[in-house]
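> Need coordinates for the following:
(one chain, ligands or ions: 1)
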Amino acid sequence: MEQCACVERELDKVLQKFLTYGQHCEQSLEELLHYVGQLRAELANAALQGTPLSATLSLVMSQCCRKIKDTVQKLASDHKDIHSSVSRVGKAIDRNFDSEICGVVSDAVWDSREKQQQILQLAIVEHLYQQGMLSVAEELCQESTLNVDLDFKQPFLELNRILEALHEQDLGPALEWAVSHRQRLLELNSSLEFKLHRLHFIRLLTGGPEKQLEALSYARHFQPFARLHQREIQVMMGSLVYLRLGLEKSPYCHLLDSSHWAEICETFTRDACSLLGLSVESPLSVSFASGCVALPVLMNIKAVIEQRQCTGVWSHKDELPIEIELGMKCWYHSVFACPILRQQTSDSNPPIKLICGHVISRDALNKLINGGKLKCPYCPMEQNPADGKRIIF
Ligand SMILES: [Zn+2]
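Residues are numbered from 1 along each chain as shown. Now for the predicted structure:
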């Protein structure tokens, strides 16, 4: 962050200089034009009277030419001065940022170039779909000859259609979706459907007393949510009292807050994504954000590896040589480290639960087998190694 601020300061200086130069340039040219205009009028006047060019006028003219030349020269040299400031920004970028980051990770950890490219293209396409930039995604698919099947696109298309409607304050498609997925939304503890009905109800309230009956009859939609959202429903019913006066002048004016619309878009994206098994943020943005956090550490490791000439340290494809803290936001699932080998378990070395209930990694289990028998390293229970069960966190 400090580096960004440093470059930004240099950039501000340049922008300030440009601004001052621009103003100064405009002013000098304006003055010059005015001066030339005056001279032209005088000349025209003289020509009209048929008098030959007086010595004074010709002196004034040559003075004018010199003035024009001087001004242009001055402007050009001022412009040149800005160049040095611009190049200072370039130097600040070079000084504060490392330009060579490709070599941070050794080539050995990547798949083949073609596969890499394909994965990257797919990640970009998914990101574009997720951001609602459907036409750009389609274009990229065509240009990169990436074949994305309809099953992959469908959920994004549907989500975007509903979100677009929500942005235009059209609750219809979202309500339809929420009603048809009611059971699964409830399993997720989602209050999406309730919030949608609430917004619809509030919209009816803004229609004034003539909408009172309609609002009352719509209130029956709250019935399935009576237990979970009792307090909110009471508030809405209470607001009916102020219908004649106008909600905006009542203690219930908070119901009209426009933040409810932003909130509903957020709730819909979060709950629909989790119901459809999609991440709220695209894998590309998550990778990018994680990369930004991890990059300084990785660059330090690279320097250390080079200094100590221990290139073999980083040869695993699915594991970094050290742990990098990415913050709570990036905790997606539990991890298990084998208490015997002190290594994080993986697909190839999964955690195994022994019949005594203790859990160790499969590699540790294999190492502990003695004469076809296994003795638990925690409780001395002897058991058959084949009885261990793989567990998934
Ligand atoms: Zn045990």
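
> Please make it C-alpha for all contacts and neighbour counts, starting now.
Will do.

> need the strands for the stretch 101-250 of the chain, in chain order.
Counting by DSSP state E, counting those that start in this stretch, one finds no strands in the stretch 101-250 of the chain.

> Output the below-cut-off pLDDT ranges for it.
By pLDDT under 70, the low-scoring segments of the stretch 101-250 of the chain are 102-103, 106-110.

> Contact distance from the ion - what residues of it qualify?
On the criterion CA under 5 Å from the ion, the ion has no neighbours in the stretch 101-250 of the chain.

> where do the helices sit along the stretch 101-250 of the chain?
Assigned by DSSP state H, counting those that start in this stretch, the helices in the stretch 101-250 of the chain fall at 113-130, 134-143, 150-167, 172-180, 182-187, 192-205, 212-218, 230-239.

> okay, these, which one's buried deepest?
helix 192-205 (a mean of 21; mean count of other CA atoms under 10 Å).

> Could you list every helix and strand in contact with that one?
Helix 192-205 sits against helix 172-180, helix 212-218, helix 259-276, with contacts defined as 3 or more CA pairs under 8 Å, 6 or more residues apart in numbering; DSSP states H and E.

> and of these, who's closest to Phe152?
helix 259-276 (11.2 Å; CA to CA).

> Between helix 150-167 and the closest one, find me the angle.
170 degrees (axes from the mean of the first three to the mean of the last three CA atoms, to 10 degrees).

> which residues touch helix 259-276?
Outside helix 259-276, the residues that touch it by CA atoms under 8 Å, 6 or more residues apart in numbering are 155, 159, 163, 166-167, 169, 174, 184-185, 188, 190, 192, 195-196, 199, 279-280.

> what do you get for stretch 132-142?
125-126, 128-129, 146-148, 156-157, 160.

> For beta bridges, what are the partners of Lys389?
On the basis of DSSP bridges, Lys389 is bridged to Lys353.

> Tell me the secondary structure at Tyr341.
Just to correct that, residue 341 is Leu rather than Tyr. For Leu341, the assignment made with DSSP: H, G, I helix; E, B strand; the rest coil gives coil.

> Tell me where the longest helix sits in this protein.
helix 2-49 (DSSP state H).

> Run through the neighbouring helices and strands of that helix.
Packing contacts for helix 2-49, counted by 3+ CA pairs under 8 Å, 6+ apart, involve helix 55-96.

> what pLDDT, on average, does the helix it packs on get?
For helix 55-96, mean pLDDT is 86.

> Who are the packing partners of that helix?
helix 2-49.

> Report the distance from the helix it packs on to the chain centre.
41 Å (CA atoms, centre = their mean, to the nearest Å).

> Repeat that for stretch 378-390.
Using CA atoms, centre = their mean, the offset of stretch 378-390 from its chain centre is 47 Å.

> thinking again about what came up before, between the longest helix of the chain and helix 55-96, how many degrees?
Helix 2-49 and helix 55-96 are oriented at 170 degrees to each other (the same axes, to 10 degrees).

> Contact partners for the closest residue to Gln344 other than its chain neighbours?
Nearest non-adjacent residue to Gln344, counting by CA to CA, 6 or more residues apart in numbering: Ala337, 4.0 Å away. The contact partners of Ala337, by CA under 8 Å, 6+ apart, come to 343-345, 361.

> can you pick the most crowded of those?
Ranked by neighbour count (other CA atoms under 10 Å), the contacts of Ala337 have Ser361 at the top, with 25 neighbours.
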